[in-house]
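Enquirer: Okay, predicted coordinates and the sequence, questions at the end:
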Amino acid sequence: MSWEWLNGLDIRALFPITVVLIETMAEIGNRIGLRFHMAKAENADVGTLAAASLGLLALLVAFSISMAESRYDSRRNIVLEEANAIGSTANFALMLPQWAQQPILSLLRDYAAVRITLGVPDDPAKLQKDIARSLDIQTRLWQQAVAVTAANPESLPAYRFVASLNEVNNIHEKRITALRNHVPLAVSFMLVGTAMVAMGFTGFNAGAFGARRRPITLIMSLMIAMLIMLVVDLDSPSRGLIHVSVQPLVDVVNGIPR
């Protein structure tokens, strides 16, 4: 099952939908519980199920946040790696013959500018366009590298420039992979499903005791939904409130000589 359709949904829409699903299960459980008059031992069993399901939910939330955070950190680190690689390539370009410097530096500025907005906003069509633009600039940079090495095959600066440019190419694919690497959709569905079951048992337990605790279950539903949205937000750095900073790439663009 593909993630893209869910990844394209706005968090402002996902949050109320998640709250409604969780709170609806809590209300259904509460109404069913109110229809039953259980013995004290049976009520204890239901309470145990509610506590166990909430514990399982807490474990799953922690697991999901850990997965999303690791992906967020990976994307952030790759942006820094890419900025360093582009900056190093620009520095090595300054060691090349004068006739090759300005075309290469101009291409590197264009490349860094494309990478700043890579995947932002969250639009698959724009991402593909940015990838195509990146590959086109890479091709033109390699053409420049071929011309430089052909003019002086034994040049140490040319060798260093080619090695650094190769690192830029490698990081390109790493960053694309990191952008596409999301928390599995099955984990997200399991997280929401477990939250619904846990709140259903909680509502049923309250109803079995003859209590209607709608304000309390609503607060719990809101808090659980917020935790789920935290997972979604961490896992989708180009939308929501949490973003991967591209300031290192901005600094690189500003630092390349003109």
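Expert: In hand now; what should we look at?
Enquirer: In contact with Gln144, which residues?
Expert: 100, 103-104, 107 (C-beta atoms under 8 Å, 6 or more residues apart in numbering). Placement of C-beta: from N, CA and C, glycine included.
Enquirer: Any of the residues you listed buried? List them.
Expert: Neighbour-count burial (16 or more other C-beta atoms under 10 Å) applied to the contacts of Gln144 gives 100, 104, 107.
Enquirer: Just put these in JSON lines and tack on secondary structure, pLDDT and distance to Arg133.
Expert: As requested, these are exported to JSON lines (DSSP: H, G, I helix; E, B strand; the rest coil; pLDDT from 0 to 100; distance: C-beta to C-beta, whole Å):
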{"residue": "Ala100", "secondary structure": "helix", "pLDDT": "92", "distance to Arg133": "22"}
{"residue": "Ile104", "secondary structure": "helix", "pLDDT": "96", "distance to Arg133": "17"}
{"residue": "Leu107", "secondary structure": "helix", "pLDDT": "96", "distance to Arg133": "12"}
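Enquirer: What is the nearest of those residues to Ala51?
Expert: In terms of C-beta to C-beta, no member of those lies closer to Ala51 than Leu107, at 61.2 Å.
Enquirer: Might one say that that closest one is in contact with Asp136?
Expert: No: between Leu107 and Asp136 there is no contact under C-beta atoms under 8 Å: 10.0 Å.
Enquirer: still on that earlier bit, and of the buried ones among the contacts of Gln144, the nearest to Val250?
Expert: Distance to Val250 across the buried ones among the contacts of Gln144 (C-beta to C-beta) is lowest for Leu107, with 17.7 Å.
Enquirer: Roughly how far does the closest one sit from Ala26?
Expert: 58 Å (C-beta to C-beta, to the nearest Å).
Enquirer: what's the answer for Leu14, then?
Expert: On the measure of C-beta to C-beta, Leu14 and Ala26 end up 19 Å apart.
Enquirer: And these two? Which one has more around it.
Expert: Neighbour count, other C-beta atoms under 10 Å: between Leu14 and Ala26, Ala26 has more, with 28 against 19.
Enquirer: Return the alpha-carbon coordinates of stretch 184-201 using PDB.
Expert: In PDB, the C-alpha atoms belonging to stretch 184-201 read as follows (Å, rounded to 0.1, in the frame of the first residue of the first chain):
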ATOM      1  CA  PRO A 184       5.800   2.500   7.200                       C
ATOM      2  CA  LEU A 185       2.100   3.100   6.600                       C
ATOM      3  CA  ALA A 186       1.200  -0.100   8.500                       C
ATOM      4  CA  VAL A 187       2.800   1.400  11.600                       C
ATOM      5  CA  SER A 188       0.700   4.600  11.300                       C
ATOM      6  CA  PHE A 189      -2.500   2.600  10.900                       C
ATOM      7  CA  MET A 190      -1.600   0.400  13.800                       C
ATOM      8  CA  LEU A 191      -0.900   3.500  15.900                       C
ATOM      9  CA  VAL A 192      -4.300   5.000  15.200                       C
ATOM     10  CA  GLY A 193      -6.000   1.600  15.500                       C
ATOM     11  CA  THR A 194      -4.400   0.900  18.900                       C
ATOM     12  CA  ALA A 195      -5.400   4.300  20.100                       C
ATOM     13  CA  MET A 196      -9.000   3.700  19.100                       C
ATOM     14  CA  VAL A 197      -9.100   0.300  20.800                       C
ATOM     15  CA  ALA A 198      -7.400   1.600  24.000                       C
ATOM     16  CA  MET A 199      -9.900   4.500  24.300                       C
ATOM     17  CA  GLY A 200     -12.800   2.100  23.500                       C
ATOM     18  CA  PHE A 201     -11.800   0.000  26.500                       C
END
